[in-house]
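**Student:** Sequence plus the predicted model coming up.
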Amino acid sequence: MYGFFNRIRSRACVTVSGAMPEALLNACAAAGIEIISAVPVDPVTLRLTVPYRRLRQVQSLAQKCMCTLSEETNAGAAAMGRKLWHRLVAFVLALCALGLLFVSRAYIWEIEVTGNETVSTGEILDALEQCGVGLGSFWPNFTSDSIRSRVLAQIPELSWLTVNVRGSRAEVIVRERIPKPEMIDNDEPFDIFARKEGFIVEVRALAGSAQVRRGQAVSRGQLLISGAVEDITGGVRGVHAYGEVTARTYYEINAICPAMQEEKRYTGEKKDRWALVIGNNRINFYGNSSISDSDCDRIYTEYKMEIEGLFSLPVSLVRERSVFYECASVPADAYQQRLLLEQELHQRLLEETNGGKIIYESFSRSQSGDIISVCLRAECEESIGVAIKSEVAPLETKQEITEGTA
């Protein structure tokens, strides 16, 4: 029974070191302090077990006896209660955190918009916010159908929209409306003119009368297919000319670049600045910055408080790292610069021909002082016709056309 009582009572195990550690035993006996157990370790060291509530008094007596006292362990019901209390507090805090996370899943803390090309993401987010879908919105209160009808009414460029909620993340998928094609009035007279000079390779006039033939040289703005055709009554009427005129064209395009270039040389100096973003509010942990944007690179890293697919909170830590460098003028790699110029000229040629065929292509390169120049010469086959509204009236006599042309 006495052993069981000693197990549950609060006690402290201490180590006493000194020239005469037994003096502490005499002092404790004189002060009425119970010594539960005393075990000698060596001639100058004792291991004592005393009631925990008298530990401070034992420490004071040890100093008077010129001994060093160190506490090793605490045992008993009180010590166990303190440990359980700390664990209970941690358990309760963990439960509270899990509860907050569970509740936060019912609110939207992140919105992602996909499927938009011409309509900006900001415009879609503004329309969603007006419909009650924004950061911190309680998503069980709305339905995808009601949001779709309200957003499509505000943004007519969209044809379809849906909102998928996973945890605290909302994925907004949109489809844009296909624009109505431009309607062409076939009764309105149009002529086809040359948009550039070349030698005619083929003429296919589906509507209207061809004004050029194979092998003929044409200049820019020359009439290729006329929309003025003769009808069965002997008069002339204006129609919408259709057809394709293929010509062989020639190009000479030049491009230049400097032989010296600016190169960044990083000094190795770095500086970090931190900020806390809560919703739409930002808290900077720094004052006014004196860092210039012209002598450093800025690298932004955002650490979000989220677990992918589980939850996401509108709290993130942002690190802004400035990496400093110095600019120096160094000779450019002439070969690489020429390759870049050739690629740029080739791309420009493709844009000029607009899907035409490149028959022959050659480059000439030169360098004069600090300038590197590349010249592209090419021979292509492409469609050169462009439809322009005709000034000819829908019905007109041949004599009037002839006089007008003269």
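**Tutor:** Sure thing, it's come through. It should be emphasised that the depicted structure is a prediction, and the values quoted were computed from it without experimental measurement. Residues are numbered from 1 along each chain as shown.

**Student:** how about the helices in the stretch 201-350 of the chain?
**Tutor:** 334-353 (DSSP state H, counting those that start in this stretch).

**Student:** can you list the weak-confidence ranges in it?
**Tutor:** Applying pLDDT under 70 to the stretch 201-350 of the chain flags the ranges 234, 288-294, 307-312.

**Student:** change it to 90
**Tutor:** For the stretch 201-350 of the chain, applying pLDDT under 90 flags the ranges 205-210, 215, 225-243, 257-300, 302-317, 320-337.

**Student:** the strands in the stretch 301-406 of the chain, which residues?
**Tutor:** Along the stretch 301-406 of the chain, the stretches classed as strands by DSSP state E, counting those that start in this stretch are 311-331, 357-368, 371-383, 385-389, 395-397.

**Student:** now these in a markdown table, with mean neighbour count?
**Tutor:** In this view, the C-beta of every residue, glycine as well, is placed from N, C-alpha and C. What follows is those, written out as a markdown table (neighbours: other CB atoms under 10 Å):
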| stretch | mean neighbour count |
| --- | --- |
| strand 311-331 | 15 |
| strand 357-368 | 12 |
| strand 371-383 | 18 |
| strand 385-389 | 16 |
| strand 395-397 | 13 |
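
**Student:** any chance of those strands in a markdown table, plus distance to residue 161?
**Tutor:** Shown next, in a markdown table, are the strands of the stretch 301-406 of the chain (distance: least, CB to CB, whole Å):
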| stretch | distance to residue 161 |
| --- | --- |
| strand 311-331 | 22 |
| strand 357-368 | 43 |
| strand 371-383 | 40 |
| strand 385-389 | 38 |
| strand 395-397 | 51 |
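
**Student:** and of those strands, who's closest to residue 144?
**Tutor:** Residue 144 lies closest to strand 311-331 among those, at 19.6 Å (CB to CB).

**Student:** now the closest one, how far from the centre of its chain.
**Tutor:** Its chain's C-alpha centre and that of strand 311-331 lie 14 Å apart, by CA atoms, centre = their mean, to the nearest Å.

**Student:** helices or strands up against it?
**Tutor:** Under the contact definition 3 or more CB pairs under 8 Å, 6 or more residues apart in numbering; DSSP states H and E, strand 311-331 sits against helix 77-104, strand 260-278, strand 296-307.

**Student:** on that earlier part again, do you know which of the strands of the stretch 301-406 of the chain lies nearest residue 232?
**Tutor:** strand 395-397 (12.5 Å).

**Student:** picking up where we left off before, any chance of the helices and strands packed on strand 311-331 in JSON lines, with distance to residue 59 too?
**Tutor:** Output for the helices and strands packed on strand 311-331, formatted as JSON lines (distance: least, CB to CB, whole Å):
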{"stretch": "helix 77-104", "distance to residue 59": "17"}
{"stretch": "strand 260-278", "distance to residue 59": "44"}
{"stretch": "strand 296-307", "distance to residue 59": "45"}
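
**Student:** can I get those in CSV with mean neighbour count?
**Tutor:** Shown next, in CSV, are the helices and strands packed on strand 311-331 (neighbours: other CB under 10 Å):
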stretch, mean neighbour count
helix 77-104, 11
strand 260-278, 12
strand 296-307, 13
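
**Student:** wait, which of these is closest to residue 131?
**Tutor:** helix 77-104 (21.5 Å).

**Student:** Which SSE is immediately downstream of the closest one?
**Tutor:** strand 110-114 (DSSP states H and E).

**Student:** Report the buried residues of the helix or strand following that following strand.
**Tutor:** Once the chain leaves strand 110-114, the next helix or strand it forms, by DSSP H and E, is helix 121-130. Neighbour counts over helix 121-130 (16 or more other CB atoms under 10 Å) mark 124-125, 127-128 as buried.

**Student:** And the residues you listed, which is closest to residue 270?
**Tutor:** residue 125 (34.3 Å).

**Student:** residue ranges of the strands in the stretch 151-300 of the chain, please?
**Tutor:** 158-166, 169-176, 190-194, 198-207, 209-210, 217-218, 223-226, 228-230, 235-238, 242-258, 260-278, 281-284, 296-307.

**Student:** now the angle from the longest one to strand 371-383?
**Tutor:** Here strand 260-278 runs at 80 degrees with respect to strand 371-383, directions being taken by axes from the mean of the first three to the mean of the last three CA atoms, to 10 degrees.

**Student:** other SSEs contacting strand 260-278?
**Tutor:** strand 281-284, strand 311-331.
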